[in-house]
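K.L.:
turn this into a model:
(chains A and B)
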Amino acid sequence: MRIIVQTKAGTFSLDCEEGDNLLYAGLKSGLSLPYECATGTCGTCRCKVMEGDVELQWSEAPGLSYVKQEKNETLMCQVRARSDCVIRVPGDVVQGDEGPEFFSGTLENFKRLTRDVISFSIPLDRPMDFMAGQFCVLETPAVQGGRAYSMTNHGKGVEVLDFVVKRKPGGLFSDWLFDGGPENAPVSVFGPLGRATFDPAEAKNVLCIAGGSGVAGMMAILEQGVRSGHFANHRGHLFFGVRGNSDVFFADELSGFAEAFPDNVGVTIALSDEQPNDDLKARYPHLHFDHGFVHTVTSDAMKDRYDNMVGYVAGPPPMVDGALRMLVLEARLPGADIRYDKFS
Amino acid sequence: MTNWTKVCAASDVPENELRKYDIGDIEVVVANYGGGFRVFPPFCPHMFEPLAVSGMLKDNVLTCGKHLWQWDLATGEKHGLSEKDMLFYDCKEDGGEIHADLSEQLTYDWEEEDELDDDDFFS
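P.N.:
This is a model prediction of the structure:
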């Protein structure tokens, strides 16, 4: 199908393969279409269908609350073309050379990290280039719709993607991951996606605030900051929120980052539900532990230390909102220096 | 000719706070930015984000919590990442009350009725 995309910056034309939604088709063709979650939640990829016939995939998508469906507005990530179409897209759109693509892979190397967190890997059919902080959308024939997960690794020519996922109560996809025994299950992978990326060339101090599996992208950012030597002359702070002592994961890896640049890298694990126990503190002398909500702990620890800072935020929506509020109102970081993903 | 309608008492909106009011059929948000008040439609001009819920106000700057678009309420100009202007109702503080001219409802393009020619959808 031929899709015509009308924007303020001009009109673009692209081929849409059978089964691709309009967002993925446009991104694949190199168009910088507006999007955030790519999975129907945030509403950022809204468009207006001017001509042609489209089919809505998930009629309950929360992001549809941001569009007027009676005026033919819809979400590009949730519609497939049933004919040639003309759509209008708001905002600045430019034509780039390349975009994300579909890859195929298999799930393997499952490890249970805590009672409700697992890590796993996906070897791909061909290598992928992606930046620290990016995510992919995973799809399986076993569950309708895709789910967005951030990679804990990064790089050029990466052959195996690494993920960490927290179980979402009642979530069909996470039930499938946790209970379905999907070792070696085939998945389709669309990516890389996301603009909450890290580039050492920006020469900024780094503040990461994460809740639960939101730490995934932060692992990639800190690893790159350590490996590239960025933290030899820039500060890196991670504040990682979990509920209790038994919910802490990645402590060995995080301790490794702190040990690599002890003067410049600080990692604090904030427990929302209880005091950190002595055993944890004794096992990880290079990590800090605190009791409280992660954005409150961050606020107390970071007062007046926000110079030349870029902030990354990821986690459950209430935590992300609290952290964004803190970065805007207290840290006074400009919007361009605050990068975030809202999982839901 | 300006048609002033009382929206609220000035003391109802503390400094750096936002409050939403229903005045007849029109919903407005009142912001107290310290140097004065602004009265505007309840949503971010970008998307359908309720500013009285997720908006943040400090040092004259209003930030929408959805995509961090910002506006300087003292000047009315856009700030930072913002790509669109906000619309404001004329307003004044009079005898401890905030009054606004609500004779014409202000809407952003995606709220407009004219659906085939709303070129503003691009902006």
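K.L.:
just for chain B, where's the confidence low?
P.N.:
Low-confidence segments of chain B, defined by pLDDT under 70: B:110-123.
K.L.:
quick one: the helices in it?
P.N.:
Taking DSSP state H, the helices of chain B run over residues B:51-54.
K.L.:
who does the residue most central in space within it bridge with?
P.N.:
With distances taken as CA atoms, centre = their mean, the residue of chain B nearest its centroid is residue B:40 (2.3 Å). As for beta bridges, residue B:40 partners with residue B:29 under DSSP bridges.
K.L.:
what's the spacing between it and residue B:83?
P.N.:
Note on residue B:40: its distance to residue B:83, by CB to CB, to the nearest Å, is 17 Å. Heads up, the C-betas are built off the backbone N, CA and C, glycines and all.
K.L.:
residue A:321 contacts residue B:53, correct?
P.N.:
No. The pair residue A:321 and residue B:53 does not pass the contact test of CB atoms under 8 Å, sitting 10.0 Å apart.
K.L.:
give me the nearest residue to residue A:26, chain neighbours excluded.
P.N.:
residue A:33 (4.6 Å; CB to CB, 6 or more residues apart in numbering or on different chains).
K.L.:
is the one you found in a helix, a strand, or coil?
P.N.:
coil (DSSP: H, G, I helix; E, B strand; the rest coil).
K.L.:
sorry, back to before: quick one: contacts for the residue nearest to the centre of chain B?
P.N.:
Counting by CB atoms under 8 Å, 6 or more residues apart in numbering or on different chains, residue B:40 touches B:28, B:29, B:31, B:51, B:86, B:87, B:88, B:89, B:106.
K.L.:
from those, which is closest to residue A:248?
P.N.:
Closest approach to residue A:248 among the contacts of residue B:40 (CB to CB): residue B:51, at 37.5 Å.
K.L.:
let me see the contact set for that closest one.
P.N.:
By CB under 8 Å, 6+ apart, the neighbours of residue B:51 are B:18, B:29, B:40, B:42, B:43, B:44, B:62, B:64.
K.L.:
neighbours of the last one, how many?
P.N.:
It refers to residue B:64. Neighbours of residue B:64 under the rule other CB atoms under 10 Å in any protein chain shown: 25.
K.L.:
pretty sure it contacts residue B:55?
P.N.:
Yes. Using CB under 8 Å, residue B:64 is in contact with residue B:55, at 5.9 Å.
K.L.:
what do those two both touch?
P.N.:
Common neighbours of residue B:64 and residue B:55 (CB under 8 Å, 6+ apart) are residue B:44.
K.L.:
about what we covered before: distance of the residue nearest to residue A:26 from chain B?
P.N.:
14 Å (CB to the nearest CB, to the nearest Å).
K.L.:
is that residue in contact with residue A:24, as I believe?
P.N.:
No. The criterion here is CB under 8 Å, and residue A:33 misses it with residue A:24 at 9.6 Å.
K.L.:
does stretch B:60-79 reach chain A?
P.N.:
Yes. Judged by CB under 8 Å from any CB of the partner chain, stretch B:60-79 and chain A are in contact via B:63, B:65, B:67, B:68, B:69, B:70.
K.L.:
residue A:299 sits in which helix or strand?
P.N.:
helix A:294-302 (DSSP states H and E).
K.L.:
just the angle for the helix or strand just after that helix relative to helix A:294-302, thanks.
P.N.:
Later in the chain than helix A:294-302, the nearest helix or strand by DSSP H and E is strand A:309-315. Relative orientation of strand A:309-315 versus helix A:294-302 (axes from the mean of the first three to the mean of the last three CA atoms, to 10 degrees): 160 degrees.
K.L.:
buried set for the very next helix or strand once past strand A:309-315?
P.N.:
Following strand A:309-315 in sequence order, the next helix or strand is helix A:317-329 (DSSP H and E). For helix A:317-329, the neighbour count (16 or more other CB atoms under 10 Å in any protein chain shown) marks A:319, A:320, A:321, A:322, A:323, A:324, A:325, A:326, A:327, A:328, A:329 as buried.
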